[in-house]
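Q: Task: produce atomic coordinates for the following.
(chains A and B)
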Amino acid sequence: MYTFLLSKIEVGSHLYVNFNETSHLHGETIIVSSIVVLLISIFLFLGTRDLKKVPGSLQNVVEVIYELIKSIAVTQLGPSYYSQFLPFVATIFLFVLGSNWAGALIPWKLIEIPEGELAAPTNDINTTACLAILTSVTYFGAGFKIKGIGYFGRYIKPSVFLLPINIIEDFTKPLSLNFRLFGNIVADELTVSVLCSLVPILIPVPIMVLGLFASSIQALIFSTLASAYIGEVIE
Amino acid sequence: MVDSLIAAASVVASAVAVGFAGIGPGIGQGTAAGQAVEGIARQPEAEGKIRGTLLLSFAFMEALTIYGLVVALSLLFANPFVG
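A: Sure thing, here's the model as predicted:
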């Protein structure tokens, strides 16, 4: 594929791991996302290993995160249903936050790989598409599980002639979730790398801090929207 | 010849995409921030709540610009019309 090379910034080059002629994996995405999952698991394991009445420092952090995610789930899903979907919302939140921050906080440039470079897993559109499709599958499943066949009544509300719009909405929801997360992370990393190629010292640091902030907001938004979509179908 | 024409058209198109995508959210964010400042001035004790909501709605508006950016980036780096 023909790419423009502008001051050594590459977009869309990956470390391809080929299965056969037609299918391949993006190696760097898989490596970094496995590391992220591992780090989150270790953190949560250490934080919840021996729970005390008066929490220590690590347990305190875990409790703050839990309270945040619980408040998202309760406001969007309501007090009677939130506990069923809390694990899903928490998984999405922690994975998106972990992968966004992993791209910025860990100095991946020090590790050389044959092609492409290690970066945030959400920098790859396949990761965000997967998360968005998971969200769609979850709200379909939630609707069927809680409302049964009456779930399809949602498509002809408030009126029958809105049927096509309601069907289109099922496709635009994951699409916008996908592009929102992907675009924000790519824009953030591109800005940082363009600034780094112009002025390598000190100037990019505030932009990096802004990027950290923006990516945590994106994690919050992704999980809020996921629970809002679930809440919409089960209300 | 055709390739360079496509490349030139893609560069112009990506610039136009980002430029126009920036207009609407810019106006929207300005309005939202103005209203938030007004709200804080009237009711300083609600500052925390207003800030949270403001940031959340900023991120939604920002997404619209980002859509333009995604189109621009795909024109520049993953152009489907260049063989």
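Q: Any regions of chain A where pLDDT drops low?
A: A:1-12 (pLDDT under 70).
Q: For chain A, see how far away residue B:5 is.
A: Remark: distance between residue B:5 and chain A (Cβ to the nearest Cβ, to the nearest Å) = 14 Å. The way it works is simple: take the backbone N, C-alpha and C, and place the C-beta from them, glycine included.
Q: ok, the helix or strand hosting residue A:100 near chain B or not?
A: Take DSSP states H and E as the rule and residue A:100 turns out to sit in helix A:82-105. No - figure legend: helix A:82-105 not in contact with chain B (Cβ under 8 Å from any Cβ of the partner chain); closest approach 12.8 Å.
Q: Measure how the helix or strand just after that helix sits relative to helix A:82-105, angle-wise.
A: With elements assigned by DSSP H and E, the helix or strand that comes after helix A:82-105 is helix A:125-147. Counting by axes from the mean of the first three to the mean of the last three Cα atoms, to 10 degrees, helix A:125-147 lies at 170 degrees to helix A:82-105.
Q: how distant is helix A:125-147 from the center of its chain?
A: The chain centroid and the centroid of helix A:125-147 are separated by 13 Å, computed with Cα atoms, centre = their mean, to the nearest Å.
Q: for the residue nearest the centre of chain A, what are its contacts?
A: With distances taken as Cα atoms, centre = their mean, residue A:96 lies nearest the centre of chain A, 3.2 Å away. Counting by Cβ atoms under 8 Å, 6 or more residues apart in numbering or on different chains, residue A:96 touches A:122, A:131, A:181, A:218, A:219, A:222, A:223.
Q: burial measure for the fifth one, as a count.
A: Counted with other Cβ atoms under 10 Å in any protein chain shown, residues neighbouring residue A:219 total 21.
Q: show me the contacts for it.
A: Each residue near residue A:219 by Cβ under 8 Å, 6+ apart is listed here: A:93, A:96, A:97, A:100.
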